[in-house]
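Participant: Dropping the sequence and predicted coords here.
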Amino acid sequence: MSQSFSQLGLSAELTRAVAEQGYSEPTPVQAQAIPLILAGRDVLAGAQTGTGKTAGFTLPLLQRLITAAPPASGAGAARRPVRALILTPTRELAAQVEESVCTYGRHLPLRSTLIYGGVNINPQIDALRRGADILVATPGRLLDHLQQRTANLAQVEILVLDEADRMLDMGFIRDIRRILALLPVRRQNLLFSATFSDEIRQLADGLLHAPALIEVARRNAESELVAQRVHPVDNWRKRELLTHLLSSGDWRQVLVFTRMKSGANRLAEQLCKAGIEATAIHGNKSQPARTRALTGFKAGTVRVLVATDIAARGLDIEELPHVVNFELPNVPADYVHRIGRTGRAGSTGEAISLVSAEEKPLLADIEKLLTRRIESRVVPGFEPGQPPPAAVVNPPVERSGGDLQRRNSGAHSRSVPSRPPGSVTPPARPGVSVPPATRGNPPSQHAGSGAAAASPALFRSPSRRGG
Ligand code: AMP
């Protein structure tokens, strides 16, 4: 059942602008968000780039500004106060969003301006002085303006946090909180985030009033071109199964997801020991090291890139032949994000998930989001339900809490397999290369909360203030 933009309640000026863009019907996030925002609701939306989220908040925001009060006739900041503030993590995104504001608002008498760091501040001061209804900004530079009193947010009616998870990843939380403190209490709040970590929920709890919740999958993420498959397997045999899949399928370029940085490191080390070129990519590595890893991966010298969700988010790698979920993500939307990296632009791709018994609730959540079951196939020789060999039963247990661990607390908590893949190897099976035993690693499956617990400083960039 397709809807038109005008059926969502958008004015003629806005539907005209949309038609000029060539959009015939709203995307799912637009169909859900637009009426809610027009009704004045606070919104918490799980939507990534590519879903049409920008128009999803920009169109109703423009309409609310136009209908809430007649546009100011004069110029100057006093007569044209900032009424809508859109915060984004990076200058590129800010520029993109502001361009959308201009595009969709082209038939409306509203004015927007763009504020980000790393460039001369004076032209921005001039623009702010001339007045703008809509301010699109990165947090660091906006704070500079607020401190210098060259921007005033006392009349903001609508606040948008776009890609809020990325802003937190980049360490902007304190800046955001300082900005929030300068906004009027009565306002509409819209929070868009690709993932919902505990930190995002915390931010949302303090910010949003009775929010409407929207969660949509990435557009075409579930492309038919991506073959999705689950391999049920015991935790303690996951690494061995991965090695087996790599060699039997002759996979040359594989992005493997783990939940935690430590798990990513450990797995990469173990693969290297097994003679497979692998690198872990995470925020503890310097930018040059990450770039090197990525270049090697793209060039084919690194066969396996092991990444956490957050580390992978900033990576420009798409259209991969193989994505492996070594561990399922705690947040179902992250699964969609992960598999969205394969099978793009006409190329076929394969998304494989190694799923232990303890992860079945996570799999159920993912299938609920996808509204379908993922094909499940046991790999011969890797049938689950086998006890680990005696030597691997009681390695030290890492004690950081995580979503899965919490979910599994209670009845399951004592039965969590306590051996990381490959920490001490079980007897070799025919055709499976088994690396020498490594030190007694903690279990990677249940040790932490992955995206939810990943350090917000993970992606703190040197240009943080510049946004
Ligand atoms: P976004 O998720 O906001 O980054 O948008 C992703 C892309 O989808 C942008 O290039 C938009 O121009 C495009 N887009 C947004 N809304 C629609 C729509 N209703 N129909 C087709 N394309 C759209």
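Facilitator: Yes, it's here.
Participant: tell me which element Leu255 is part of?
Facilitator: Taking DSSP states H and E as the definition, one finds Leu255 inside strand 254-257.
Participant: For the closest residue to Ala95 other than its chain neighbours, give the beta-bridge partners.
Facilitator: With C-beta to C-beta, 6 or more residues apart in numbering as the criterion, Ala95 has its nearest non-adjacent residue at 6.2 Å, and that residue is Leu114. All C-beta atoms are positioned from the backbone trio N, CA, C, and that covers glycine. Counting by DSSP bridges, Leu114 forms beta bridges with Val136.
Participant: Look up how far Asp162 lies from the residue nearest to the spatial centre of the chain.
Facilitator: The structure's the chain has its C-alpha centroid closest to Ala194; by C-alpha atoms, centre = their mean the separation is 4.0 Å. Note on Ala194: its distance to Asp162, by C-beta to C-beta, to the nearest Å, is 10 Å.
Participant: same thing with Pro288?
Facilitator: The spacing between Pro288 and Asp162, counted by C-beta to C-beta, is 29 Å.
Participant: picking up where we left off before, which phi and psi values does the residue nearest to the centre of the chain adopt?
Facilitator: Backbone torsions of Ala194, given as degrees, to the nearest 10, read phi -70, psi -30.
Participant: if I pick it, what's in contact with it?
Facilitator: 46-49, 163, 165-166, 313, 333, 337 (C-beta atoms under 8 Å, 6 or more residues apart in numbering).
Participant: Specify which member of these is nearest to the ligand.
Facilitator: Here the nearest of the contacts of Ala194 to the ligand, counting by C-beta to the nearest ligand atom, is Thr49; it sits at 4.4 Å.
Participant: okay, the closest one: pLDDT?
Facilitator: The pLDDT attached to Thr49 in the predicted structure is 76.
Participant: Surely it forms part of a strand?
Facilitator: No. Secondary structure of Thr49 (DSSP: H, G, I helix; E, B strand; the rest coil): coil, not part of a strand.
Participant: helices and strands around the helix or strand hosting Lys360, which ones?
Facilitator: When elements are assigned from DSSP H and E, Lys360 belongs to helix 360-370. In terms of contacts (3 or more C-beta pairs under 8 Å, 6 or more residues apart in numbering; DSSP states H and E), helix 360-370 is packed against helix 332-339, strand 349-355, helix 403-407.
Participant: Sketch out the helices for the stretch 151-300 of the chain, chain order is fine.
Facilitator: For the stretch 151-300 of the chain, the helices defined by DSSP state H, counting those that start in this stretch cover 164-169, 173-180, 198-207, 238-248, 261-273, 287-299.
Participant: Neighbours of the closest residue to the ligand within the stretch 301-450 of the chain, how many?
Facilitator: Here the residue of the stretch 301-450 of the chain nearest the ligand is Gly340; by C-beta to the nearest ligand atom that distance is 12.2 Å. Counted with other C-beta atoms under 10 Å, the neighbours of Gly340 add up to 23.
Participant: so how far is Val226 from it?
Facilitator: Gly340 sits 8 Å away from Val226, going by C-beta to C-beta.
Participant: distance between the strand holding Leu255 and the chain's centre?
Facilitator: Averaging C-alpha positions (C-alpha atoms, centre = their mean, to the nearest Å) puts strand 254-257 16 Å from its chain's average.
Participant: Over to stretch 146-160?
Facilitator: Stretch 146-160 has its C-alpha centroid displaced from the chain centroid by 27 Å (C-alpha atoms, centre = their mean).
Participant: re the thing from before, if I pick the residue nearest to Ala95, what's in contact with it?
Facilitator: With contacts defined as C-beta under 8 Å, 6+ apart, Leu114 is in contact with 94-95, 98, 124, 136-137.
Participant: How about Gln32?
Facilitator: Applying C-beta under 8 Å, 6+ apart, we find Gln32 in contact with 45, 56, 214, 216.
Participant: Could you identify the helix or strand that succeeds the helix or strand hosting it?
Facilitator: In this structure, Gln32 is located in helix 28-38 according to DSSP H and E. Past helix 28-38, further along toward the C-terminus, the next helix or strand under DSSP H and E is strand 43-46.
Participant: Number of residues surrounding the closest residue in space to Gly52 that isn't next to it in sequence?
Facilitator: Spatial nearest neighbour of Gly52, chain neighbours left out: Thr27 (3.5 Å); criterion: C-beta to C-beta, 6+ apart. Using other C-beta under 10 Å, Thr27 has 18 other residues around it.
Participant: Give the phi and psi angles for Thr27, as a check.
Facilitator: Thr27 has phi and psi values of phi -80, psi 170 when expressed as degrees, to the nearest 10.
Participant: so what's it scoring on pLDDT?
Facilitator: Taken from the predicted model, the pLDDT recorded for Thr27 is 88.
Participant: so what's it up against?
Facilitator: Remark: with contacts taken as C-beta under 8 Å, 6+ apart, Thr27 is in contact with 51-52, 55-56, 216, 219.
Participant: Can you add distance to Ala274 and neighbour count and give those residues back as JSON lines?
Facilitator: Converted to JSON lines, the contacts of Thr27 look like this (distance: C-beta to C-beta, whole Å; neighbours: other C-beta atoms under 10 Å):
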{"residue": "Thr51", "distance to Ala274": "39", "neighbour count": "25"}
{"residue": "Gly52", "distance to Ala274": "43", "neighbour count": "18"}
{"residue": "Ala55", "distance to Ala274": "47", "neighbour count": "24"}
{"residue": "Gly56", "distance to Ala274": "46", "neighbour count": "28"}
{"residue": "Val216", "distance to Ala274": "39", "neighbour count": "24"}
{"residue": "Arg219", "distance to Ala274": "38", "neighbour count": "17"}
